[in-house]
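Asks: Give me a model of this one.
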Amino acid sequence: LSLLKEAMDIAIDQMTKTFEKVLSSVGPTTTIALIYYLANQEEKYTPSWKRQQHRFYEKITPQVVLQLHDALYLSQLAYVNSISEFREGLHDFQQGTWELAYGTTESLPAKPANFLLVHKNP
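Replies: Numbers count the residues shown, from 1 in each chain. Purely as a prediction, here's the structure:
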């Protein structure tokens, strides 16, 4: 019991030093409740709990991975400095099956650079 009291005193001292301004408006009972709450949450959300939560997710198919890769490529392409660079990158994307209908690389606050792509018929 004395070991628990000593540990709690150390924890309260450390929290007081770290969060002195915040804890000055909160009583010691709330501080102790916060410690217990954090311990409870840590106990609940262990790595095994997280694995159990993820166990029932759907598996990612290779097709989904390719779609994510394509989206990532286009999102990076949006940050080029000129339309010609964008056209070059677009030509390399999916064997040139997309065409730039409209686009601008100029951006201002509340007016981002934007591009409109049209899929060519195969």
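Asks: May I have the helix or strand harbouring L38 exported as CSV, CA atoms only?
Replies: Assigned by DSSP states H and E, L38 belongs to helix 28-44. Output for helix 28-44, consisting of C-alpha atoms alone and laid out as CSV, is shown next (Å, rounded to 0.1, in the frame of the first residue of the first chain):
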residue,chain,number,x,y,z
PRO,A,28,-6.3,16.7,-6.7
THR,A,29,-9.3,14.4,-7.0
THR,A,30,-9.6,15.1,-10.7
THR,A,31,-5.9,14.6,-11.2
ILE,A,32,-6.1,11.2,-9.6
ALA,A,33,-9.2,10.4,-11.7
LEU,A,34,-7.3,11.4,-14.8
ILE,A,35,-4.4,9.0,-13.9
TYR,A,36,-6.9,6.1,-13.4
TYR,A,37,-8.7,7.0,-16.7
LEU,A,38,-5.4,6.9,-18.6
ALA,A,39,-4.5,3.6,-17.1
ASN,A,40,-7.9,2.2,-17.9
GLN,A,41,-7.6,3.3,-21.5
GLU,A,42,-4.1,2.0,-21.9
GLU,A,43,-5.3,-1.4,-20.5
LYS,A,44,-8.3,-1.5,-22.9
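Asks: And it, how far out from the chain middle?
Replies: Its chain's average C-alpha position is 26 Å from that of helix 28-44, according to C-alpha atoms, centre = their mean, to the nearest Å.
Asks: Touching it from outside, list them.
Replies: 8, 11-12, 15-16, 23 (C-beta atoms under 8 Å, 6 or more residues apart in numbering). From N, CA and C alone the C-beta is placed, and that goes for glycine too.
Asks: next structured bit after it?
Replies: Sequence order places helix 47-54 as the next helix or strand after helix 28-44, per DSSP H and E.
Asks: Could you list every helix and strand in contact with the strand or helix carrying L3?
Replies: L3 belongs to helix 2-18 when assigned by DSSP H and E. Counting contacts by 3 or more C-beta pairs under 8 Å, 6 or more residues apart in numbering; DSSP states H and E, helix 2-18 is packed against helix 28-44.
Asks: Tell me what angle the helix it packs on forms with helix 2-18.
Replies: Computed by axes from the mean of the first three to the mean of the last three C-alpha atoms, to 10 degrees, the angle separating helix 28-44 from helix 2-18 equals 100 degrees.
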